[in-house]
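Peer 1: Coordinates for the following, if possible.
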Amino acid sequence: MTQQKDKPWLFRTYAGHSTAEKSNALYRSNLAKGQTGLSVAFDLPTQTGYDSDHILSKGEVGKVGVPISHLGDMRMLFRDIPLEQMNTSMTINATAPWLLALYIAVAEEQGADVSKLQGTVQNDLVKEYLSRGTYICPPKPSLTMITDIAAYTREHLPKWNPMNVCSYHLQEAGATPEQELAFALATGIAVLDDLKGKVPAEGFPAMVGRISFFVNAGIRFVTEMCKMRAFTELWDEICRDRYGIEEEKYRRFRYGVQVNSLGLTEQQPENNVYRILIEMLAVTLSKNARARAVQLPAWNEALGLPRPWDQQWSLRMQQIMAYETDLLEFGDLFEGNANVTAKVEELKDGARAELATLDAMGGAIAAIDYMKARLVESNAARIGRIEGNETVVVGVNRWQQGEPSPLTAGDGGIMVVDPAVEADQIARLNDWREGRDGVAVEAALTALKAAAKAGENVMPASIAAAKAGATTGEWAGVMRAVHGQYRGPTGVSQSVSNNVAGLDEIREAVDAASAKLGRRLKFLMGKPGLDGHSNGAEQIAFRARDCGMDITYDGIRLTPEEIVTKAIDENAHVVGLSILSGSHLPLIDELMGRMKAASMDHIPVLVGGIIPDDDAARLRAMGVARVYTPKDFELNRIMFDIVELATND
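Peer 2: Numbering: from 1, shown residues only. Next up is the predicted model:
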């Protein structure tokens, strides 16, 4: 029997860096190579609602994505790319209304029919509180902005996905498959519950059908494939039973995926190519749970920023799977498989139990502190299994010996963003401010503030502000003024956990050091800059606490000045810093200067992050006592280093 061959999924590459002009050139090059959809990475100032010249933006501009400060930047980003013909995914959350407003404004300038625009804004703030950290406002007004976008797109952009429930970062933060299922589905439920009152009843089923998901696929690809089938079946069940959606097409679980970046290793990085390929199988093999769009990380993301060639390699992996194999010629390969069915049911039962707990707490918004604590605990258990060799990671805790990788020879195997990019971006921002109509901008921002205060949909006023020439920082400043700033839970309590197995030796060392110091060893964990990837910082603080240290960890997004002030106030013996955005050099340089000015330069400073060897040498030259990278996975060794540094005379 001849079966019609399926169409391949959308091929995406998560990309953006340095400037809008350089990112535009990269996009056009990737499209020419066969990429079929754009996936825009924004830099951290853009994600967190700051202009490029804000104090918190220092060192972060253009590092992990493209800086978009105003309409001019957005014009440049999509120059010569017809948006009416494009499917664009924007990985943006807290500033999603603003970036979508800029996108719409550029599309209108191109003469596009806005109703034909296709794409997605991620727009998932719940996972930002739990794992990624690019939130701005408190949960409830953030939820309102999510559903503002949904309601606006229903009327004006009917082909647009207004919200991408993102479980990707939940797995990165340590979620078990059951937690990833439950926490993501609970987020979708919270959004749909809030959206019910914003759209007509007859339009609600179609809006349910526009909610999409963005998931993670890890190395245990059979379990991950079963997880995707469980996602598909549970979402269908929720849409049918909770919301009464009768049409099957509106109950369909629509998802895109980036496979796991957390599992990529700095050691023997060439092995990451196999990991990426195996993880892609989980979201492509099963037709009934196949991703609609796939983006793959590059083999070298544990080392730094991928180059265009590295991204091309990952794109070719997708194309070979889709076009050279016969995968798309068959129905679902796992239908009727007893092992798969049993695993799917087990995952569904675990997710339903977790969902019941969240429901009893009042849903996802009310349960943020609970979910954050569960993720930190799960991640600690995951790291413990690697440390104890229960989980084997090739090249990390087994078979560490190997030949040097020729892929990292020469330039280190990564792309480095020119430090001059930041000054260049700030200069263009200043030119933009000087050239715009200040009166029109002020009027637009006043109207935006009035709409936000009145509880009106903020999208029309945001689009008007975009066209008037307002900046990202100005838009977010209005939201902060109306709704307030928010600091999310850290998931690290002061109470020592019961899981202290294997810590006897280090606990004794901490006790001895504390006796020598005359008080409990004080360890301050800080996260300078805008990097919201807090997993490493949380796990260091979590382990230091369980080893008996007196810890202080206030969470993400601190200035070097705030960290030094806290070190003085807490009379810290050792300061630890975590930065994964590539902004370590300027931020640590400023912090070490402030430590010296405050006569605190005798306090040892440890730094962890994705730090190339040359940068590590520069940090040590600044006075940093220890530098750790992803290869330093043995947390107890770091704990012994803290004890040694604290007691050195």
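
Peer 1: Can you tell me the closest non-neighbouring residue to Cys226?
Peer 2: Lys343 (4.2 Å; CB to CB, 6 or more residues apart in numbering). All C-beta atoms are positioned from the backbone trio N, CA, C, and that covers glycine.

Peer 1: just Ser534 next, same as before
Peer 2: Distances taken as CB to CB, 6+ apart place Ile556 nearest to Ser534, at 5.3 Å, with adjacent residues excluded.

Peer 1: try Leu591
Peer 2: Pro560 (3.8 Å).

Peer 1: and that neighbour, how many neighbours?
Peer 2: 24 (other CB atoms under 10 Å).

Peer 1: Surely it touches Glu590?
Peer 2: Yes. Assessed by CB atoms under 8 Å, Pro560 is found in contact with Glu590 at 4.5 Å.

Peer 1: Please name every helix or strand in contact with the longest helix anywhere in the chain.
Peer 2: When the chain is parsed with DSSP state H, its longest helix is helix 338-360. Using 3 or more CB pairs under 8 Å, 6 or more residues apart in numbering; DSSP states H and E, the elements in contact with helix 338-360 are helix 177-195, helix 221-241, helix 368-387.

Peer 1: Distance from it to the middle of the chain?
Peer 2: Helix 338-360 sits 25 Å away from the centroid of its parent chain (CA atoms, centre = their mean, to the nearest Å).

Peer 1: CA-only coordinates of that helix, as PDB, when you get a sec.
Peer 2: Written as PDB, here are the backbone C-alpha positions of helix 338-360 (Å, rounded to 0.1, in the frame of the first residue of the first chain):
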ATOM      1  CA  ALA A 338       3.200  -2.600  24.800                       C
ATOM      2  CA  ASN A 339       6.300  -1.100  26.300                       C
ATOM      3  CA  VAL A 340       5.600   2.400  24.900                       C
ATOM      4  CA  THR A 341       2.000   2.200  26.000                       C
ATOM      5  CA  ALA A 342       2.900   1.300  29.600                       C
ATOM      6  CA  LYS A 343       5.500   4.100  29.800                       C
ATOM      7  CA  VAL A 344       3.100   6.600  28.400                       C
ATOM      8  CA  GLU A 345       0.400   5.600  31.000                       C
ATOM      9  CA  GLU A 346       3.000   5.800  33.800                       C
ATOM     10  CA  LEU A 347       4.000   9.300  32.800                       C
ATOM     11  CA  LYS A 348       0.400  10.400  32.500                       C
ATOM     12  CA  ASP A 349      -0.500   9.100  35.900                       C
ATOM     13  CA  GLY A 350       2.500  10.900  37.500                       C
ATOM     14  CA  ALA A 351       1.600  14.100  35.700                       C
ATOM     15  CA  ARG A 352      -2.100  13.900  36.700                       C
ATOM     16  CA  ALA A 353      -1.100  13.400  40.400                       C
ATOM     17  CA  GLU A 354       1.200  16.500  40.200                       C
ATOM     18  CA  LEU A 355      -1.600  18.500  38.400                       C
ATOM     19  CA  ALA A 356      -4.000  17.600  41.200                       C
ATOM     20  CA  THR A 357      -1.600  19.000  43.700                       C
ATOM     21  CA  LEU A 358      -1.200  22.200  41.700                       C
ATOM     22  CA  ASP A 359      -5.000  22.500  41.300                       C
ATOM     23  CA  ALA A 360      -5.500  22.100  45.000                       C
END
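
Peer 1: Need the contact partners of that helix.
Peer 2: 176-179, 181-183, 185-186, 222-223, 225-227, 229-230, 233-234, 334, 364, 367, 370-371 (CB atoms under 8 Å, 6 or more residues apart in numbering).

Peer 1: Equivalent analysis for stretch 540-551, please.
Peer 2: Counting by CB under 8 Å, 6+ apart, 376, 380, 490, 492, 494, 496-497, 499-500, 503, 506-507, 510-511, 514, 519-525, 553, 576, 578, 608, 635-636, 638-639, 642 sit against stretch 540-551.

Peer 1: Please determine how far Gln312 is located from Trp299.
Peer 2: 11 Å (CB to CB, to the nearest Å).

Peer 1: Lys5 against Leu327, yeah?
Peer 2: No. Using CB under 8 Å as the test, Lys5 is too far from Leu327 to be in contact (9.8 Å).

Peer 1: Which one's more surrounded, the two?
Peer 2: Using other CB under 10 Å, the more surrounded residue of Lys5 and Leu327 is Leu327, with 18 against 11.

Peer 1: Quick check: the more buried one touching Met321?
Peer 2: Yes. Taking contacts as CB under 8 Å, Leu327 lies within contact range of Met321: 6.5 Å.

Peer 1: And what about Met525, helix, strand or coil?
Peer 2: Classification of Met525 by DSSP: H, G, I helix; E, B strand; the rest coil places it in strand.

Peer 1: Roughly how far does it sit from Leu558?
Peer 2: From Met525 to Leu558 the distance is 10 Å (CB to CB).

Peer 1: quick one: low-confidence ranges for the stretch 351-500 of the chain?
Peer 2: 497-499 (pLDDT under 70).

Peer 1: mind listing the helices for it?
Peer 2: Using DSSP state H, counting those that start in this stretch, the helices of the stretch 351-500 of the chain run over 368-387, 420-435, 438-454, 459-468, 472-483.

Peer 1: just those: most buried one?
Peer 2: helix 459-468 (a mean of 23; mean count of other CB atoms under 10 Å).

Peer 1: Tell me the helices and strands packed up against it.
Peer 2: Going by 3+ CB pairs under 8 Å, 6+ apart, helix 459-468 lies up against helix 96-109, helix 139-156, helix 438-454, helix 472-483.

Peer 1: and the angle from the longest one to helix 438-454?
Peer 2: Spelled out, it's helix 139-156. For helix 139-156 against helix 438-454, the angle by axes from the mean of the first three to the mean of the last three CA atoms, to 10 degrees is 110 degrees.

Peer 1: packing partners for helix 139-156?
Peer 2: helix 96-109, helix 177-195, helix 204-208, helix 459-468, helix 472-483.

Peer 1: what do you get for the last one?
Peer 2: Contact partners of helix 472-483 among helices and strands, from 3+ CB pairs under 8 Å, 6+ apart: helix 44-48, helix 96-109, helix 139-156, helix 438-454, helix 459-468.

Peer 1: Show me how far the first one is from its chain's centre.
Peer 2: Relative to the chain's own centre, helix 44-48 is displaced by 12 Å; criterion: CA atoms, centre = their mean.

Peer 1: what sits up against it?
Peer 2: With CB under 8 Å, 6+ apart as the criterion, helix 44-48 contacts 51-52, 54, 56-57, 60-61, 63-69, 92-95, 99, 134, 136, 472-473, 476, 529-532, 557, 581.

Peer 1: which ones are touching the residue nearest the centre of the chain?
Peer 2: With distances taken as CA atoms, centre = their mean, Arg132 lies nearest the centre of the chain, 4.5 Å away. Counting by CB under 8 Å, 6+ apart, Arg132 touches Asn93, His169, Gly532, His533.

Peer 1: Below-threshold pLDDT in this structure: ranges please.
Peer 2: Using pLDDT under 70, the chain drops low at 1-3, 497-499, 649.

Peer 1: ok, now with 80
Peer 2: 1-4, 12-17, 305, 409-418, 493-501, 649 (pLDDT under 80).

Peer 1: related to what we said a few turns ago, touching both of Met525 and Leu558, which residues are there?
Peer 2: With CB under 8 Å, 6+ apart as the test, Met525 and Leu558 reach no residue in common.

Peer 1: which of those two has more neighbours?
Peer 2: Met525 (31 against 20).

Peer 1: how near is that one to Val607?
Peer 2: Met525 is 12 Å from Val607, by CB to CB.

Peer 1: what's the overlap in contacts for those two?
Peer 2: Gly576, Leu577, Ser578.

Peer 1: So what touches the strand or helix carrying the first one?
Peer 2: The one in question is Gly576. Assigned by DSSP states H and E, Gly576 belongs to strand 574-579. With CB under 8 Å, 6+ apart as the contact definition, strand 574-579 has outside contacts at 521-529, 531, 534, 536-537, 540, 563, 567, 587-588, 591, 595, 603-609, 642, 645-646.
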